[in-house]
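Colleague: just to be clear, the model below is a prediction. Sequence and coordinates:
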Amino acid sequence: MTTRPKVLIFDSGVGGLSVYQAIVEHLPQLSIVYTFDNEAYPYGELEQDVLISRVTSIVVSAVVKESIDLVVIACNTASTIVLPSLRAELSIPVVGVVPAIKPASLLSNLAVGLIATPATVTRQYTHDLIQDFSPHQPVELLGSTRLVDMAEAKLRGYTIDLQELNCILAPLRQKIDVAVLGCTHFPLIKDEIQTVLGKEVLLVDSGKAIARRVAQLLMLDIGRIYKGKREKHKIMSSTIPWEEMALNVELDKLGFGVIQNCPFRRDV
Ligand code: DGL
């Protein structure tokens, strides 16, 4: 392994940046390559076989090209189905992100709300998680692509319409005391979700747990003071339509260079 471990963080869009933030906060010594498949976004509405072949193809190519030491699939929707095929193709660790049902259930006295993509709330993986880790606490499911779009818009400088958010989250109101942000896009609009659900609802996401897992696999001390040079991290997308340029302003603040096109060819 290189002296500065290189980690690939992958998502369909900007959602994985919430995981990136948790990782760099705790492990600033890492070199990050963030890759997102905006050409096939949103993943929450993609056929399973297309999703598996796209993610496997893009991630494997990027790992080889960028000499990556560890992969984080910073997407719940993809993680619920692609991890086995990805691990079969790669000899480096692959960390997935799945909804934090277990900690949420332990914290809840009423019911847990799972807010995720339409795909994640229907996956067998998610239903097994609920059965295994929330056997006594009811879990209310809410799948929404519009919420994902709202997070994408926020990163491009748009303000979230709280009335619309209120309508989307209305089915959960008064029913839950803990909400799982089961899509990596949602921590990016956490403040707005908190405003709408009320401060008595606890919001839980997987960011910190992922950072801990990455540290463990790379055998790094979490929170160690880093004195090395802080270089810009790399960011690549599968397509660069003109509006992606609006993202560069936010990405610069987060420590990235300008978005580049993925330098690999996919078969799908
Ligand atoms: N950020 C992704 C997730 O965690 C999916 C968003 C999408 O493309 O639908 O599920």
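Modeller: Yep, it's here. Everything numeric here is computed off the predicted structure, so don't read it as measured data.
Colleague: show me what from this protein comes close to the ligand.
Modeller: Neighbours of the ligand within the chain, by CB under 6 Å from any ligand atom: 11-13, 15, 41-44, 75-77, 117, 120, 145, 148, 183-185. C-betas here are computed from N, CA, C, even on glycine.
Colleague: if you set the cut-off to 8 Å instead, what comes out?
Modeller: Contacts of the chain with the ligand, taken as CB under 8 Å from any ligand atom, map to 11-13, 15-16, 41-46, 74-79, 97, 116-117, 119-120, 145, 148, 182-186.
Colleague: in strands, which of these fall?
Modeller: 11, 116 (DSSP state E).
Colleague: just the buried ones from the residues of the chain next to the ligand?
Modeller: The neighbour-count test (16 or more other CB atoms under 10 Å) marks 11-13, 15-16, 41-44, 46, 74-79, 97, 116-117, 119-120, 145, 148, 182-186 as buried among the residues of the chain next to the ligand.
Colleague: let's see which of the residues of the chain next to the ligand end up in helices.
Modeller: If you go by DSSP state H, those have 16, 76, 77, 78, 79, 119, 120, 145, 148 in helices.
Colleague: list the buried residues of the helix or strand harbouring residue 196.
Modeller: According to DSSP states H and E, residue 196 maps onto helix 190-197. Using 16+ other CB under 10 Å as the test for burial, helix 190-197 gives 192, 193, 196, 197.
Colleague: contacts for it, please.
Modeller: The contact list for helix 190-197 (CB atoms under 8 Å, 6 or more residues apart in numbering) reads 115, 150, 160, 162, 165-166, 169, 172-173, 176, 179, 181, 186, 201, 203, 205.
Colleague: try it again at 7 Å.
Modeller: Residues from elsewhere that reach helix 190-197, judged by CB atoms under 7 Å, 6 or more residues apart in numbering: 160, 162, 165, 166, 169, 172, 173, 179, 181, 186, 203.
Colleague: residue ranges for the strands of the stretch 151-268 of the chain, please.
Modeller: Using DSSP state E, counting those that start in this stretch, the strands of the stretch 151-268 of the chain run over 178-181, 202-204, 234-237, 260-261.
Colleague: and the second one, which strands flank it?
Modeller: Just to be clear, that refers to strand 202-204. Partners of strand 202-204 in the sheet, by DSSP bridges, are strand 178-181 (parallel).
Colleague: poorly predicted segments of the stretch 101-250 of the chain, please.
Modeller: 224-229, 241-243 (pLDDT under 70).
Colleague: which stretches in it count as helices?
Modeller: Using DSSP state H, counting those that start in this stretch, the helices of the stretch 101-250 of the chain run over 101-107, 118-122, 124-133, 145-155, 162-169, 190-197, 207-218, 247-253.
Colleague: dump the C-alpha coordinates for the fifth one into PDB.
Modeller: Pointing back at helix 162-169 there. C-alpha atoms of helix 162-169 as PDB (Å, rounded to 0.1, in the frame of the first residue of the first chain):
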ATOM      1  CA  LEU A 162     -39.800  23.200   2.700                       C
ATOM      2  CA  GLN A 163     -43.400  23.000   1.800                       C
ATOM      3  CA  GLU A 164     -42.700  20.300  -0.800                       C
ATOM      4  CA  LEU A 165     -40.400  18.500   1.600                       C
ATOM      5  CA  ASN A 166     -43.200  18.700   4.200                       C
ATOM      6  CA  CYS A 167     -45.600  17.000   1.800                       C
ATOM      7  CA  ILE A 168     -43.100  14.200   1.000                       C
ATOM      8  CA  LEU A 169     -42.400  13.400   4.600                       C
END
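Colleague: elements contacting it?
Modeller: Judged by 3 or more CB pairs under 7 Å, 6 or more residues apart in numbering; DSSP states H and E, helix 162-169 is in contact with helix 145-155, helix 190-197.
Colleague: switch to 6 Å and redo it
Modeller: The elements that helix 162-169 packs onto, with contact taken as 3 or more CB pairs under 6 Å, 6 or more residues apart in numbering; DSSP states H and E, are helix 190-197.
Colleague: ok and the helix it packs on relative to helix 162-169, angle-wise?
Modeller: Using axes from the mean of the first three to the mean of the last three CA atoms, to 10 degrees, the inter-axis angle of helix 190-197 relative to helix 162-169 is 70 degrees.
Colleague: alright, I will stop here.
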